[in-house]
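[1] Prediction below, plus the sequence it came from.
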Amino acid sequence: MSPLWGGRFTAANDPRMAQLNASLPFDRRLWNADITGSIAWARAICRAGLLTEEERDALIAGLEAVRAEIAADPTAAFADAADEDIHSFVERRLTERIGPLAGKLHTGRSRNDQVATDVRLWLREQVASLDAALASLIRAACDRAEAELDVLMPGYTHVQPAQPIRWSHWLLSHAWPWQRDRERLADFTRRLNVSPLGAGALAGCPFAVDRAQLAAELGFAAASPNSLDAVSDRDFIAEFLFWAALLGVHLSRWAEDLVLWSSREFGFITLADAYSTGSSLMPQKKNPDAAELLRSKAGRLIGGLTGLLVVLKGLPTSYDKDLQEDKEPLFDAVDTLALALPVAQGMLETLTIHAERMAAALGDELLATDLADWLVRRGVPFRQSHHLVGRVVRRAEELGCRLSAVPLAELQAISPIFTAECAAVWNAEQSAEQRATIGGTARAAVVAQIAALRSML
Ligand code: ARG
């Protein structure tokens, strides 16, 4: 396979060098974007007087034929391809179809501005489908939160039972980070949607190409303002990988709760068979593999980000071949999330909750704060009421009884402010309902969260 740059060379590459150099094995997935960019480029250089209209139309027809050929059977199209990269591949297939005219397409263009354009075009489409998958996951969380509003469970800090919350409140506590991920993605899209095409190899295009018109034709909001920056810049990939890594972390924390709660010790949920596996040795096992794998994917996503930042650090200005290493982590992150998001949604939609187990875990101690608040409502400063209830907790331990079973006489020995009415605090539903301000776990506050989230979908 003769490379696009053979003129000044007298000898072929060592086969191992060719293998190291080749990006076609992974950048082939840019084929459609590459052809779209080339068609726009043919139009732009025709407008600049570098092609006749007949030549432009022949180039476009040839490129469309290559597109149709690959679309029909990508595996077959790339089967014996030994080209250096996707750009070389498309140009070779075009030449095989339309002859030497294909050689005019690269006028004023470099693979440096070409590849930067291709990746942006490709990523734009991926971003749209990842956003849709994320919105769908959030919708599933809202649906469950609405349907299971009555279910109470222990809320934790330090994995120690803390205060009663609604199961719906927990669901939404993960839907909000996902929604922020959607907002981050939308913001990122503004910086993604800038066209490097026409930047040339580094210094700009020597022909009168209207870069603004070219950018608009490709659906970009603007042309990049500095050609050197245009071919150097991989900020958009680093930013996307950070986005992916943070979403990975969000999914990981969510999945960890599900792993814990599906254990026999908690028994709050059962994951559907569709998202579990068994053990080859222990017949009784049902393992939460989907949740564990979602938990682990953050590792590779963070690795992709770290890897790219290390490649970029200290890189000399302009295009350097190191930049070819941007693609595999990018593709891997997109593939990872394109699979993880629907799996997360499926797992969420099919898991069973055990409301009675959650209720049984709501011990009196989760209402100790409510008893302190009961004193606060009677004028006791919180620091003091906290201390008094601490003594009640200690007394209950000494008596070997539940907090709610400490006799009134014992309570009054601790503080005369206690009356029989304080027994009203031993009610988890009421505890939840008292947290009715914005963002609280009371029914109305949770309903308001669902409405707010839905309005963003
Ligand atoms: N395959 C290359 C990449 O992914 C395309 C750009 C090559 N440019 C060059 N000057 N060799 O970065």
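    That came through, no problem.
[2] which bits of the stretch 251-400 of the chain sit near the ligand?
    319, 321, 323-324 (Cβ under 6 Å from any ligand atom). Backbone N, C-alpha and C define where each C-beta goes, glycine included.
[3] Those, buried ones only, as a PyMOL selection?
    Of those, the buried ones go into a single PyMOL selection, burial set by 16 or more other Cβ atoms under 10 Å:
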select buried, resi 319+323+324
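[4] just curious, which of the residues of the stretch 251-400 of the chain next to the ligand is nearest to the ligand?
    Distance to the ligand, by Cβ to the nearest ligand atom, is smallest for Gln324 among these, at 3.7 Å.
[5] Would you mind measuring from that closest one to Ala244?
    Separation of Gln324 from Ala244 (Cβ to Cβ, to the nearest Å): 20 Å.
[6] before we move on, what about Arg120?
    Look at Arg120 and Ala244: by Cβ to Cβ, they are 16 Å apart.
[7] neighbour count winner among the two?
    Counted by other Cβ atoms under 10 Å, Arg120 and Ala244 do not tie: Ala244 has more neighbours, with 28 against 23.
[8] In this structure Ala65 contacts Arg97, no?
    Yes. Between Ala65 and Arg97 a contact is recorded at 5.8 Å, counting by Cβ atoms under 8 Å.
[9] Near Arg443, how many other residues are there?
    17.
[10] Just give the closest residue to it, not the sequence neighbours.
    Leu149 (6.2 Å; Cβ to Cβ, 6 or more residues apart in numbering).
[11] ok, that neighbour touching Ala444?
    No. If you go by Cβ under 8 Å, Leu149 and Ala444 don't touch, sitting 10.3 Å apart.
[12] quick one, what contacts the residue nearest to Arg443?
    With contacts defined as Cβ atoms under 8 Å, 6 or more residues apart in numbering, Leu149 is in contact with 166, 168, 443, 446-447.
[13] got it, and His354?
    By Cβ under 8 Å, 6+ apart, the neighbours of His354 are 267-270.
[14] quick check, Met153 in a strand?
    Yes. Counting by DSSP: H, G, I helix; E, B strand; the rest coil, one finds Met153 located in a strand.
[15] Now for the closest residue to the ligand within the stretch 151-300 of the chain: which residues touch it?
    In the stretch 151-300 of the chain, the residue found nearest to the ligand is Ala201; the distance is 7.0 Å by Cβ to the nearest ligand atom. Contact analysis of Ala201 by Cβ under 8 Å, 6+ apart lists 110, 112-113, 231, 319.
[16] would you turn those into CSV with pLDDT and secondary structure?
    Formatted as CSV, the contacts of Ala201 follow (pLDDT from 0 to 100; DSSP: H, G, I helix; E, B strand; the rest coil):
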residue, pLDDT, secondary structure
Ser110, 98, coil
Asn112, 98, helix
Asp113, 98, helix
Val231, 98, helix
Tyr319, 98, coil
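[17] Of all pairs in those, which one is the farthest apart?
    Asp113 and Tyr319 (8.8 Å; Cβ to Cβ).
[18] Which neighbours do those two have in common?
    Any residue near both Asp113 and Tyr319 by Cβ under 8 Å, 6+ apart counts here, and that gives 201, 231.
[19] which element is the residue of the chain positioned farthest from its centre on?
    Here the chain reaches farthest from its C-alpha mean at Ala409, the gap being 56.7 Å by Cα atoms, centre = their mean. Ala409 belongs to helix 408-414 when assigned by DSSP states H and E.
[20] What residues of that helix count as buried?
    410-411, 414.
[21] what does stretch 303-323 give?
    Buried residues in stretch 303-323, counting neighbours by 16+ other Cβ under 10 Å, are found at 304-305, 307-308, 311-312, 318-319, 323.
[22] need these in TSV with secondary structure, can you?
    Converted to TSV, the buried residues of stretch 303-323 look like this (three-state DSSP):
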residue	secondary structure
Gly304	helix
Leu305	helix
Gly307	helix
Leu308	helix
Val311	helix
Leu312	helix
Ser318	coil
Tyr319	coil
Leu323	helix
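[23] Same list (those residues) but as TSV, adding distance to Phe240.
    Listed next are the buried residues of stretch 303-323 as TSV, based on distance: Cβ to Cβ, whole Å:
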residue	distance to Phe240
Gly304	10
Leu305	9
Gly307	14
Leu308	10
Val311	15
Leu312	13
Ser318	22
Tyr319	19
Leu323	15
